[in-house]
Structures are given as C-alpha cells and as structure tokens.
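S.K.: 3D model of this:
(one chain, ligands or ions: 2)
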Amino acid sequence: MVKNKYPDKLLNDPKQEVAEAARRVQQALTRLGHCYLTKDGRLVEVGFSRLGVVGEQYGLLEVDTTRLPPRVNVARLVHPDTLHHLTAVVGKPVKRLNTTGLTYCVVLKPSPRKRLPKRIELDLTTRPAGEYMVPIGEGREGPVWRSLLDTSHVLIGGESRSGKSTWLNAMLVSLLNVYGPDSLRLALVDPKSVEFVAYRGIPHLLTGVATEVDDATAVTEALIAEMERRQSLFTAIMARNLVSYNAKADEPLPLVIAVIDEVTDIALQAGLRSPFYTNLIRLASKAGSFGIVLVLATQNPKAEVLNTLIRGNMSTRIAFRVATPEHSRVILGVGGAQNIPQTIRGRMMARLDARPVELQGYLVDDDVVKAITNRLRAQPPSPLSTEEAQLVLYAMHYLDGLFKIRELHEAFPGLSYRRIKRISQRWERRGWLRPGSTRRDSKVVTPELAQVANVTLANQLCGVGPRPKSRSHGHTGHTRSHDVENGHTDGHTGES
Ligand SMILES: Nc1ncnc2c1ncn2[C@@H]1O[C@H](COP(=O)(O)OP(=O)(O)O)[C@@H](O)[C@H]1O
Ligand SMILES: [Mg+2]
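M.R.: Ligands and ions are numbered 1, 2, ... in the order given. Take a look at the predicted model:
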C-alpha cells in the first residue's frame with residue numbers, strides 16, 4: 001500500500017531502501033544510455049550481482065561486471081558526472097566503493113553528527129584571512145572565526161567559571177598577536193582586578209585597566225569623546241564605517257575594542273541613571289559605525305540592565321552555561337544555555353547569524369597570554385604592525401625588494417588592495433618607500449624600512465601570514481644591490 005501510494009519515497013527498511021535504490025540506479029543508467037538494444041528489440045540493462053546493507057548505514061549495489069551490456073563504457077559508469085546524477089536520482093549520496101569490480105555505495109543514513117571536542121587549545125596559526133579576525137569556537141564543521149568588523153558588538157553571558165574570561169583572552173591574544181597599537185586600541189574594564197592583569201602596560205591600552213566604578217565611568221567618557229571625534233572625521237569625508245573611512249582617509253584610525261567584564265555588576269553599582277550606564281547605552285547604539293566595538297561580559301545577565309537598548313545593539317551573543325532559562329533568553333533571545341553541562345567548561349551557544357549554534361570555546365593557556373603581552377611590553381614600540389613587517393619581508397624576499405601592491409595583495413589576501421596601497425602611501429610620505437620603478441604601484445623598499453621590519457619580526461612570537469619570518473639577514477645589502485641594478489643608488493649613501 002504505502003509503496004504504491006508514495007512510489008517516490010524511499011522506505012525505512014534498509015533492505016527495501018537498497019532494492020529501491022538499485023531500481024532507480026538501473027533505470028537512470030539506462031536512461032543515460034548505459035544499455036544495449038539487441039537486433040530483436042530486447043533491452044539489456046546494467047544489472048546487479050548482489051545487493052547488501054552494511055550496518056544499516058550503507059547500501060551496496062554490486063554491478064554484475066561479467067554480464068555488462070555490450071559496448072557499455074565502464075569508465076562512464078563511475079564517472080563523477082554519473083555518480084552525481086545517480087545521487088540526484090536516488091536522493092542519497094551514491095559513491096563508488098573502492099574495490100575490484102564495480103560496486104555503488106548508497107549512503108542511506110548520514111553519519112552521526114560529529115561530536116564537539118570537550119577541550120581544544122587555541123592555535124594562532126589557524127587564523128584565517130580577513131581583518132580583525134577573532135576565534136569564536138570550534139564547531140562541528142571546524143573552527144569558527146569572525147571578523148570584528150562584521151560581528152559588531154559582542155555580548156557574553158555565563159555563570160562563574162563557565163569560560164567567559166578564557167574566551168576574552170582568546171580574542172585578545174589573537175588580535176594582539178597581529179595588530180600593533182596603530183591599528184588596534186583596547187579599553188579594558190575589569191572589576192575583579194584579576195582577569196586582565198596580564199594586559200597592563202601594553203602599548204595598545206587607551207587608558208589603564210579600569211577596576212573601580214569611577215575608572216569604568218572615565219573609560220566610557222573617553223570612548224564617547226573618541227566616538228564624537230570620529231563622528232566629525234567621518235562626516236568630513238562622508239565615510240559610513242571604519243573600513244570606508246580608512247580606505248579614504250590619509251591617516252587610518254585603529255579599531256577600538258572596549259571589553260567590559262562583569263558589566264551588570266558595574267551598572268548596578270553605578271546605578272541605572274549613572275553616567276556609566278547612560279554612556280554605555282549611547283556607545284551601544286552608535287559607536288559601532290565609528291570603529292568602536294563593545295565586548296560586554298556578565299555572569300549575571302539581568303534584563304533590567306541589559307535592556308533592549310543594549311541587547312538590541314549586540315549583534316553577536318554568546319552564552320556559556322547559565323543558571324536559568326531566563327538568563328539564556330536575556331543573552332540569546334532563546335532558552336537552552338541552561339542545559340549546557342557544568343562539566344564542559346567553554347561550551348557555548350553562539351548566536352552569530354540567525355540561529356544559535358553550539359561551539360566549544362578555545363582554551364588559552366595563561367602562559368600564552370603572558371608570553372604575548374610580555375613581548376608587547378618589552379619591545380620598543382614598533383612603528384610597524386606584524387602584518388606590515390611581513391609585507392616588507394615578503395617584498396624583500398620574493399619581489400626583489402619592490403613593494404608591489406598587487407602581488408602583495410595576492411600573497412596576503414587578508415589585506416585589501418586598498419589597505420596595502422594606503423600603507424605604501426604612508427610609508428612613501430615617511431621616506432620608507434621610494435619611487436623607483438616604472439609601475440606606479442611598485443615602490444623600492446629602503447634599507448631603513450627593511451631594518452624596522454626585521455626588528456619587529458624578531459620581537460614577534462607566533463607566526464601568521466603566508467611566509468615564515470626567518471632568513472632575516474642581509475636585507476640591507478639586498479635592497480642596495482637591487483637599487484643599484486635599477487640605477488637608484490642616489491640618496492642611499494646617507495641612509496645606511
Ligand atoms: N574553552 C575552555 N576549554 C576548557 N576549559 C576551559 C575553557 N574555558 C574555561 N575553562 C576552564 O574553566 C576555568 C574558568 O574559566 P573562566 O574563563 O575564568 O570562567 P569565567 O570567566 O566565566 O568565570 C578556567 O580556568 C579553565 O580551567
Ligand atoms: Mg571571568
């Protein structure tokens with residue numbers, strides 16, 4: 001009955017499913033011409049010598065290769081186009097089993113969903129291309145990173161010791177490892193005074209790490225002032241966001257990230273009429289368009305503090321384990337995060353686009369944070385970011401000492417053509433690049449710039465970008481000889 005009523009649907013019994021799949025495969029192959037019509041009008045089709053089921057999950061269709069219809073092209077039977085067609089006809093993936101003879105394998109049931117790891121360390125070398133990329137967590141399909149330029153403000157909730165600070169550390173070290181103070185500035189608020197100790201004194205800080213309500217208020221005031229300053233800068237050149245501003249402006253502005261831990265507690269302590277809270281609401285609604293990103297974390301997600309004015313502007317929401325469904329709703333808009341097992345630290349539900357997805361946050365060792373921040377404190381403030389230094393090194397090694405914008409953009413797809421062009425204009429004004437080629441987008445790297453880039457990379461800990469940063473000797477000579485080749489020796493004598 002059922003079979004007649006729904007002839008198109010595969011049945012649930014695996015044996016019947018395989019039989020049905022075999023029927024469809026045979027028909028499809030015939031329709032594709034893998035058959036033979038005898039003189040007396042008899043149709044010879046591809047047949048099967050055996051049908052089988054493996055673990056209820058796979059159906060095996062063993063083609064009877066001893067009795068193939070004459071003139072059937074066996075290679076065509078396993079051609080990807082044919083398999084593609086069979087998959088469409090059967091409605092389940094059809095593959096070729098890697099055996100002698102020819103056996104089609106029909107995936108009856110998709111393999112069980114990949115489990116999320118319970119613990120996974122952050123690997124900074126897996127940072128994908130793109131600007132201001134931060135690691136969100138490991139998903140079933142692999143690592144999930146997002147650009148802060150896309151995520152905009154971030155709201156993070158979760159009970160004590162659920163993984164909030166660890167997530168913030170993963171975000172901060174991923175950015176600090178790549179961006180110098182000229183392209184990234186931080187404002188850190190940490191009422192517990194313990195979480196951000198490691199970041200004290202790094203050159204990226206707009207102000208000291210705020211631990212008291214008064215300091216936190218001062219931080220929001222500084223951010224509002226910066227926002228207003230940017231507002232007039234942006235209006236002057238009709239830029240709508242940081243990317244478009246930096247694409248047009250002569251002096252690019254850094255992305256500012258304000259991380260406020262335990263935001264609910266500060267707001268409640270300061271009061272909901274306090275300057276802190278009113279500033280926070282203003283920043284949440286407006287700062288994003290001026291390249292100022294709020295990252296708010298709380299173990300106490302109260303709807304009265306995180307009201308719709310604030311929540312509505314937080315486009316990225318992350319909930320670690322929370323105590324109640326209500327807390328989950330305040331953060332994500334839906335319940336669910338209360339069901340995350342307490343034993344799996346760092347497990348989260350993240351609402352990045354539409355529906356919340358389950359991810360496992362990356363674990364960052366305190367030692368990694370210390371190593372990176374120590375490096376930032378120790379090194380004399382470098383006028384170059386790591387990425388900029390890598391551009392220089394790439395130009396030295398692979399482009400004959402020429403800063404060729406198009407080639408560099410191809411080698412560093414994470415850096416837009418415009419950004420590299422802007423960097424080159426800035427460096428040219430500074431005397432670090434000199435015209436020297438017929439191509440307009442190709443400048444000569446001066447020994448001074450090569451030197452600065454070397455020092456920057458020598459101080460650097462973890463590698464990013466397409467090339468290793470070793471082989472750092474003899475650049476000055478390299479540039480020189482190159483310049484000599486091109487007849488641009490003048491001006492060099494004084495420089496090195
Ligand atoms: N992503 C994670 N993977 C594994 N363990 C984690 C993870 N995040 C946190 N932990 C463990 O939980 C502890 C508390 O995490 P923490 O980030 O300080 O929580 P919170 O800031 O939410 O109180 C950490 O010291 C660490 O041992
Ligand atoms: Mg914490």
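S.K.: Could you list the residues of the stretch 351-496 of the chain in contact with ligand 1?
M.R.: G361, Y362, L363 (CB under 6 Å from any ligand atom). For every residue, glycine as well, the C-beta is placed using N, CA and C.
S.K.: How about the last one: what's its closest non-neighbour residue?
M.R.: Same thing as L363. E121 (5.1 Å; CB to CB, 6 or more residues apart in numbering).
S.K.: so which of the residues of the stretch 351-496 of the chain next to ligand 1 comes closest to Q451?
M.R.: Y362 (35.4 Å; CB to CB).
S.K.: thought that closest one was touching E121?
M.R.: Yes. Y362 is in contact with E121 according to CB atoms under 8 Å; the separation is 6.5 Å.
S.K.: Show me which of these two is the more surrounded one.
M.R.: Y362 (27 against 12; other CB atoms under 10 Å).
S.K.: Could you measure from the more buried one over to N169?
M.R.: 9 Å (CB to CB, to the nearest Å).
S.K.: D250: neighbour count?
M.R.: 9.
S.K.: For it, grab phi and psi.
M.R.: phi -70, psi -50 (degrees, to the nearest 10).
S.K.: And for T446?
M.R.: Residue torsions, per degrees, to the nearest 10, at T446 are phi -80, psi 160.
S.K.: Tell me how far it lies from ligand 2.
M.R.: With distances taken as CB to the ion, to the nearest Å, T446 is found 46 Å from ligand 2.
S.K.: so what's that residue closest to, chain neighbours aside?
M.R.: In space, T446 is closest to W432, 5.5 Å off (CB to CB, 6+ apart).
S.K.: who touches the one you found in this structure?
M.R.: Neighbouring residues of W432 by CB atoms under 8 Å, 6 or more residues apart in numbering: V445, T446, E448, L449, V452.
S.K.: which of those are buried?
M.R.: V445, T446, L449, V452 (16 or more other CB atoms under 10 Å).
S.K.: so the residue of the stretch 101-250 of the chain found nearest ligand 2, which of the three states?
M.R.: Nearest residue of the stretch 101-250 of the chain to ligand 2: S165, at 3.3 Å (CB to the ion). Three-state assignment for S165 (DSSP: H, G, I helix; E, B strand; the rest coil): helix.
S.K.: and it, how many neighbours?
M.R.: Neighbour tally, S165, other CB under 10 Å: 20.
S.K.: Help me confirm that it comes into contact with E262.
M.R.: No. Using CB under 8 Å, S165 is not in contact with E262, being 10.1 Å away.
S.K.: hey, what's in contact with both of the two?
M.R.: With CB under 8 Å, 6+ apart as the test, S165 and E262 both reach A297.
S.K.: Quick one: mark the members of the residues of the stretch 351-496 of the chain next to ligand 1 that sit in strands.
M.R.: Within these, no residue falls in strands by DSSP state E.
S.K.: pLDDT and distance to ligand 2 for those - can I get that in CSV?
M.R.: Formatted as CSV, these follow (pLDDT from 0 to 100; distance: CB to the ion, whole Å):
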residue, pLDDT, distance to ligand 2
G361, 98, 12
Y362, 97, 15
L363, 97, 14
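S.K.: Return the closest of those with respect to H204.
M.R.: Closest to H204, out of all of those and judged by CB to CB, is Y362, at 20.7 Å.
S.K.: Domain map for the chain?
M.R.: 2-107, 126-371, 379-486 (automatic domain parsing).
S.K.: Show the contacting residues for R76.
M.R.: Counted by CB under 8 Å, 6+ apart, R76 has contacts L32, H34, T82.
S.K.: element containing it?
M.R.: Using DSSP states H and E, the element containing R76 is helix 74-77.
S.K.: what's the following helix or strand after that helix?
M.R.: Helix 74-77 is succeeded, C-terminally, by helix 80-90 (DSSP H and E).
S.K.: contacting residues around the following helix or strand past that following helix?
M.R.: Scanning forward in sequence from helix 80-90 by DSSP H and E, the next helix or strand is strand 94-96. When contacts are defined by CB under 8 Å, 6+ apart, strand 94-96 is touched by residues A21, V25, V78, L83, L86, T87, L102, T103, Y104, C105, V106, V107.
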